[in-house]
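K.L.:
Next comes the sequence, and after it the predicted model I'd like to discuss.
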Amino acid sequence: MAEALAYAGRDLESMSLAHNYHRWILDLFAPHLGRRVVEVGAGAGSFSELLLGREPESLTLVEPDAGMHRLLVARVGALPARARVRVFNDTFAGVARRVAEEERPDSIVYVNVLEHVCEDEAELRLAAGALPVGGRVFLFVPAFQWLYGSFDRQVGHRRRYTRAELEAKCARAGLRVLKSVYFDAAGVLPWWLKYRVLRSEKMEPAAVKFYDEFCVPVVRRVEALVPPPVGKNVLLVAEKG
């Protein structure tokens with residue numbers, strides 16, 4: 001069974017300031033996103049809030065860390081929502097059968113999560129098993145093992161991925177890839193310098209906010225015109241056959 005999300009809290013909580021960045025991810029997911037959504041490793045709810053803004057029929061949030069779970073419950077509880085919202089303080093392995101039976105999800109989302117999981121292919125098979133035929137898995141993960149550095153170790157990343165590697169793991173889990181792209185090419189060099197060369201273990205909120213406000217809108221427009229051959233992350237959507 002997959003060891004899912006065994007880490008002390010959500011890794012990129014400084015990224016809660018990255019509103020443009022998260023919206024960019026969601027907008028790439030959106031054409032494939034269904035109405036009954038599960039977010040695995042929801043953290044303190046920054047991406048969950050955007051998902052709720054799409055007014056799904058239901059949103060099921062799964063977060064194993066007790067501290068993050070408390071923040072998540074408070075955040076989504078304060079949001080006006082028409083959707084049916086459920087929050088679990090557990091791993092997805094612990095609630096997958098219950099979620100599948102009670103919520104009948106058509107979409108399962110992992111944003112900055114799969115890289116924490118010891119047996120990632122088992123986790124993908126678990127997600128596929130919780131979906132009907134035609135249900136979809138949405139993945140956003142860090143790219144390229146040669147970018148693995150001090151921050152990855154600090155937050156408990158077990159690996160970084162290439163597109164080909166992630167696509168192959170999805171295929172072995174019974175998932176057909178619908179969309180697979182590298183994401184945020186402009187972030188590759190700063191990440192390599194900061195976390196590989198300088199060996200920083202911190203992600204400063206001010207730097208995140210600056211990049212989100214001034215760089216992301218430009219990078220997003222460029223990558224919409226010319227898909228990059230490399231990126232700091234991989235974004236993938238796959239469908240159960």
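P.N.:
Thanks, I have it. Numbers count the residues shown, from 1 in each chain.
K.L.:
Can you read off the pLDDT for the residue most central in space within the chain?
P.N.:
In the chain, the centroid-proximal residue (CA atoms, centre = their mean) is residue 111; its distance is 0.5 Å. Reading off the confidence values, residue 111 has pLDDT 96.
K.L.:
So it sits against residue 137, correct?
P.N.:
No. Using CB atoms under 8 Å, residue 111 is not in contact with residue 137, being 11.8 Å away. In short, each C-beta sits where N, CA and C put it, glycine included.
K.L.:
before we move on, back to that, beta-bridge partners for the residue nearest to the centre of the chain, please?
P.N.:
residue 140 (DSSP bridges).
K.L.:
what residues are up against it?
P.N.:
22, 25, 39, 41, 47, 138, 140 (CB atoms under 8 Å, 6 or more residues apart in numbering).
K.L.:
can you do 7 Å?
P.N.:
25, 47, 140 (CB atoms under 7 Å, 6 or more residues apart in numbering).
K.L.:
can you map out the strands along this protein?
P.N.:
36-40, 58-62, 84-88, 107-111, 136-142, 175-183, 233-240 (DSSP state E).
K.L.:
Rebuild these as JSON lines, extending it with distance to residue 205.
P.N.:
Putting the strands of the chain into JSON lines (distance: least, CB to CB, whole Å) gives the following:
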{"stretch": "strand 36-40", "distance to residue 205": "23"}
{"stretch": "strand 58-62", "distance to residue 205": "23"}
{"stretch": "strand 84-88", "distance to residue 205": "25"}
{"stretch": "strand 107-111", "distance to residue 205": "19"}
{"stretch": "strand 136-142", "distance to residue 205": "19"}
{"stretch": "strand 175-183", "distance to residue 205": "21"}
{"stretch": "strand 233-240", "distance to residue 205": "19"}
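K.L.:
Nearest to residue 222 among those strands would be which one?
P.N.:
Minimum separation from residue 222 across those (CB to CB) falls at strand 175-183, 12.0 Å.
K.L.:
Who are the contact partners of the spatially closest residue to residue 237 that is not a sequence neighbour?
P.N.:
Excluding the flanking residues, the one nearest residue 237 by CB to CB, 6 or more residues apart in numbering is residue 179, at 4.2 Å. Applying CB under 7 Å, 6+ apart to residue 179 gives the contacts 32, 236, 237.
K.L.:
Most neighbours of all the residues you listed, which one?
P.N.:
residue 236 (27 neighbours; other CB atoms under 10 Å).
K.L.:
Assess the claim that that residue and residue 178 are in contact.
P.N.:
No. Contact criterion CB atoms under 7 Å: residue 236 and residue 178 do not qualify, at 8.5 Å.
K.L.:
The strands of the chain: which one's closest to residue 16?
P.N.:
Per CB to CB, nearest to residue 16 of those: strand 107-111, 12.1 Å.
K.L.:
and that closest one, C-alpha only, in PDB?
P.N.:
The C-alpha trace of strand 107-111 is given here as PDB (Å, rounded to 0.1, in the frame of the first residue of the first chain):
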ATOM      1  CA  SER A 107     -11.300  14.100 -10.500                       C
ATOM      2  CA  ILE A 108      -8.400  13.600  -8.100                       C
ATOM      3  CA  VAL A 109      -5.900  16.400  -7.800                       C
ATOM      4  CA  TYR A 110      -2.300  16.200  -6.500                       C
ATOM      5  CA  VAL A 111      -0.500  19.600  -6.400                       C
END
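K.L.:
Distance of residue 88 relative to residue 72?
P.N.:
Taking CB to CB, to the nearest Å as the measure, residue 88 falls 10 Å from residue 72.
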